[in-house]
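Student: Pasting the sequence and the predicted coordinates here, then a few questions.
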Amino acid sequence: MNQSILNKTRNDKFLMVLDIPKYLKQTYDVELKRKYNADQIQFTTYGSPIPSVSVPSIDVPFDNQVYKASSLSRPAYQPLNVKFFIDNGYKNYWVIWKWLNLFNDAKTSKSEVHMEYMNNNKNAKLENPMQELVSTFSIFALDEYNNKIVQFKYNHVFPVSLSEINFSHQDPSEISCTASFAFNQMNVELLKNVDEENC
């Protein structure tokens with residue numbers, strides 16, 4: 001691989017594309033006075049939006065010594081913290097707030113989906129409360145020309161927290177926030193063959 005020593009991946013060149021969960025898309029938003037008219041929403045992210053990945057080793061005692069072997073298993077991922085800039089209409093913040101609110105409503109302290117399901121199915125049990133509440137999203141690493149190089153795709157995603165909104169009247173930069181997402185699986189796909197282009 002013939003690359004200049006200055007040809008390095010830059011920080012803060014990430015784009016997040018979030019698939020709006022099915023239940024949220026079917027819900028009429030009273031504040032917006034409409035249903036969500038998009039399947040996806042984009043976030044400008046920064047920081048470290050990729051989690052650490054591990055397949056730990058295990059100790060195998062053998063002949064008065066210890067042999068290291070792979071456990072062949074992945075521990076549960078820690079929640080992913082995504083730092084993003086809030087748009088001027090607070091729409092991207094609002095979508096995550098509404099999504100998080102489905103699990104525990106700020107006014108009633110109940111799960112909106114659970115209550116609706118139980119009201120419509122008096123004798124039924126909530127078999128899979130997560131099915132319509134989870135979604136997928138992808139984080140794309142971008143090159144200096146904003147071309148997508150790598151895709152980090154997260155499956156079975158749902159929000160677990162929204163941080164405080166960081167702003168100051170003395171700071172002219174964009175307002176930022178952090179959302180934490182739990183997820184069950186991450187896949188990585190190389191979209192652009194960097195080796196061939198730089199040989």
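Tutor: Happy to help now that I have it. Numbering: from 1, shown residues only.

Student: Give me the contacts around the strand or helix carrying residue 61.
Tutor: Per DSSP states H and E, residue 61 falls inside strand 57-62. The contact list for strand 57-62 (C-beta atoms under 8 Å, 6 or more residues apart in numbering) reads 66, 67, 68, 69, 70, 71. Every residue, glycine included, has its C-beta placed from N, CA and C.

Student: Count the residues that sit near residue 152.
Tutor: Using other C-beta atoms under 10 Å, residue 152 has 19 neighbouring residues.

Student: which SSE is it in?
Tutor: strand 148-162.

Student: need the next SSE after that strand, C-terminal direction.
Tutor: Past strand 148-162, the next helix or strand by DSSP H and E is strand 176-182.

Student: ok, the following helix or strand past that next one: who's next to it in the sheet?
Tutor: Once the chain leaves strand 176-182, the next helix or strand it forms, by DSSP H and E, is strand 185-190. Each strand paired with strand 185-190, and its direction, by DSSP bridges: strand 148-162 (antiparallel).

Student: Okay, angle between the partner strand and strand 176-182 too, please.
Tutor: Relative orientation of strand 148-162 and strand 176-182, computed by axes from the mean of the first three to the mean of the last three C-alpha atoms, to 10 degrees: 90 degrees.

Student: quick check, distance from strand 148-162 to the centre of its chain.
Tutor: Computed by C-alpha atoms, centre = their mean, to the nearest Å, the chain-centroid distance of strand 148-162 equals 3 Å.
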